[in-house]
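J.: Here's a sequence, model it:
(one chain, ligands or ions: 1)
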Amino acid sequence: MSMNRQRVVLITGANGEVGHGLIKTLRQQPDCPGILVLDLRNLDAEMMPYVDGSIAGDILNEELLDNLSSEYEITAIYHLAALLSTHSEFRPEVAHRVNVRGTINLLKVAIEQAQFQGAPVKFIFPSSVAVFGMPNLSVKASVPPVREDEHLNPITMYGANKLYCEHLGRYYTHHYRQLAANVAPSGVDFRGVRFPGLISATTMPSGGTSDYAPEMIHAAAQGKPYECFVRPDTTMPFMAMPDGIRALIELADAPREALTRTVYNLTAFSLSAAQVAERVQRAFPASDIRYVPSAGRQNIVDSWPADMDDSAARADWGWQPVYDADKAFDDYLVPTIRAKYRRREA
Ligand code: AKB
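T.: Alright, predicted model coming up:
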């Protein structure tokens, strides 16, 4: 039943670090439906030509979501809105509301939409390496890349929220209201990925704990000194943003029957902070990087695994990163970031 409502995919948190790239990439797809975005702030002006509708509002505002659900035919939801790991530790209860309540609100939109349309609604969810919790540094250093179901003991509110939302996704997709008589499946088709630290050449993360890597590169390109808030030996997995965006779209496009999990680990390369700094120094020889570890943030990255096993994603839906560490720095980060700040100076 269409009732002339505009067919769209909905992107929440559209102004965040993943949102802009996702919008531009979806827009280039030949069969791209309309794009409707929702963010607390108005969508950045330069992004407006790429979308068909933009709403400034809160995912906790259920009335707003009800209105949106009655005005649009939403075929898929990319639910990117979240408070990241460092921000969440400052206001854990607020983070819980945004990250968990917000996700349930969007899952409810997906159920309603699936019922209107008589077809499943895909719910694409970026989870995180933060769902893992390594007990100490020697275990972190000695274990092989962690698989999806190992070491699920997050030490942050954000990690706990993401892990719980993964379970909600599994529940809404496979077990929703299982005691009620004659209840059809919810129609939600939840698909999640656990991202490592994402590094973008164009957008800056805000409030994350993997932010030291992108911050180091962006500071060096602008000729600014940088105080890295983790020790040089601190190692975690990373991914260049174009791979992250492609992963979300490829997972959304994968045939349902190929998917054996509701959530998949993803990674591209693991580096220590010192290895990131070496690459930055090679590209920007005047860079001034010092290490001033912050106990809390250090503790968070120490609890994340040094590497993730993403073989399930590779086997089920053909996931493969294009950018290894060399390509990420040499072909994407360094040239794009250099050009970005040169343009600003000109
Ligand atoms: C964060 O640092 O909170 C995020 C993440 C790893 O999910 N970038």
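J.: give me the number of residues near residue 79?
T.: Residue 79: 26 surrounding residues under other C-beta atoms under 10 Å. C-betas here are computed from N, CA, C, even on glycine.
J.: where's the lengthiest helix in the chain relative to the chain centroid, distance-wise?
T.: Longest helix in the chain, counting residues (DSSP state H): helix 102-117. Centroid displacement of helix 102-117 relative to its chain, using C-alpha atoms, centre = their mean, to the nearest Å, is 20 Å.
J.: again with stretch 203-216
T.: Chain-centre distance of stretch 203-216: 13 Å, with C-alpha atoms, centre = their mean.
J.: picking up where we left off before, show residues contacting the longest helix of the chain.
T.: With contact meaning C-beta atoms under 8 Å, 6 or more residues apart in numbering, helix 102-117 is reached by 1, 10, 12, 59-60, 62, 65, 68-69, 73-75, 77, 79, 81-82, 120-121, 123, 125, 165, 168-169, 172, 176, 186-188, 190.
J.: Can you flag which of those residues belong to strands?
T.: The strands, defined by DSSP state E, take in 10, 12, 73-75, 77, 79, 121, 123, 125, 188, 190 from these.
J.: For these, work out which two are farthest apart.
T.: 73 and 125 (20.6 Å; C-beta to C-beta).
J.: Skipping adjacent residues, who's closest to residue 238 in space?
T.: Nearest residue to residue 238, sequence neighbours excluded (C-beta to C-beta, 6 or more residues apart in numbering): residue 197, at 4.6 Å.
J.: Can you select the buried ones among the ones in strands among the contacts of helix 102-117 for me in PyMOL?
T.: Under the burial definition 16 or more other C-beta atoms under 10 Å, those of these that qualify are selected in PyMOL by:
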select buried, resi 10+12+73+74+75+77+79+121+123+125+188+190
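J.: Quick check: of the ones in strands among the contacts of helix 102-117, which lies closest to residue 281?
T.: Taking C-beta to C-beta as the measure, residue 281 lies nearest residue 125 of these, at 36.4 Å.
J.: which residue sits closest to residue 85, ignoring its sequence neighbours?
T.: In this structure, residue 85 finds its nearest non-sequential neighbour in residue 158, 4.1 Å apart by C-beta to C-beta, 6+ apart.
J.: Can I take it that the one you found is in a strand?
T.: No - per DSSP: H, G, I helix; E, B strand; the rest coil, residue 158 lies outside any strand segment and is helix.
J.: Show me what counts as buried in the longest helix of the chain.
T.: Those would be 102-103, 105-114, 116-117, for helix 102-117 by 16+ other C-beta under 10 Å.
J.: Quick check: residue 250 vs residue 191, distance?
T.: Note on residue 250: its distance to residue 191, by C-beta to C-beta, to the nearest Å, is 10 Å.
J.: and residue 202, what does it touch?
T.: With contact set as C-beta under 8 Å, 6+ apart, residue 202 has these partners: 20-21, 241, 336, 340.
J.: let's go with 7 Å and repeat that
T.: By C-beta atoms under 7 Å, 6 or more residues apart in numbering, the contact set of residue 202 is 20, 336, 340.
J.: still on that earlier bit, and residue 250 and residue 191? Which one has more around it.
T.: More neighbours surround residue 191 than the other of residue 250 and residue 191, with 22 against 15 (other C-beta under 10 Å).
J.: what is that one paired to in the beta sheet?
T.: Using DSSP bridges, the bridge partners assigned to residue 191 are residue 124.
J.: Quick check, it in contact with residue 122.
T.: Yes - in terms of C-beta atoms under 7 Å, residue 191 counts as a neighbour of residue 122; the distance is 6.4 Å.
J.: Common neighbours of the two, please.
T.: Common contact partners of residue 191 and residue 122 (C-beta under 7 Å, 6+ apart): residue 252.
J.: before we move on, what SS does the residue nearest to residue 128 when sequence neighbours are not counted have?
T.: With sequence-adjacent residues excluded and distances taken as C-beta to C-beta, 6+ apart, residue 128 is closest to residue 162, at 5.1 Å. Look at residue 162: counting by three-state DSSP, its state is helix.
J.: Quick one: residues contacting residue 162.
T.: If you count contacts by C-beta under 7 Å, 6+ apart, residue 162 has them with 127-128, 130-131.
J.: Is it possible to get TSV of the residues you listed that adds secondary structure and pLDDT?
T.: Formatted as TSV, the contacts of residue 162 follow (DSSP: H, G, I helix; E, B strand; the rest coil; pLDDT from 0 to 100):
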residue	secondary structure	pLDDT
127	strand	98
128	strand	98
130	helix	98
131	helix	98
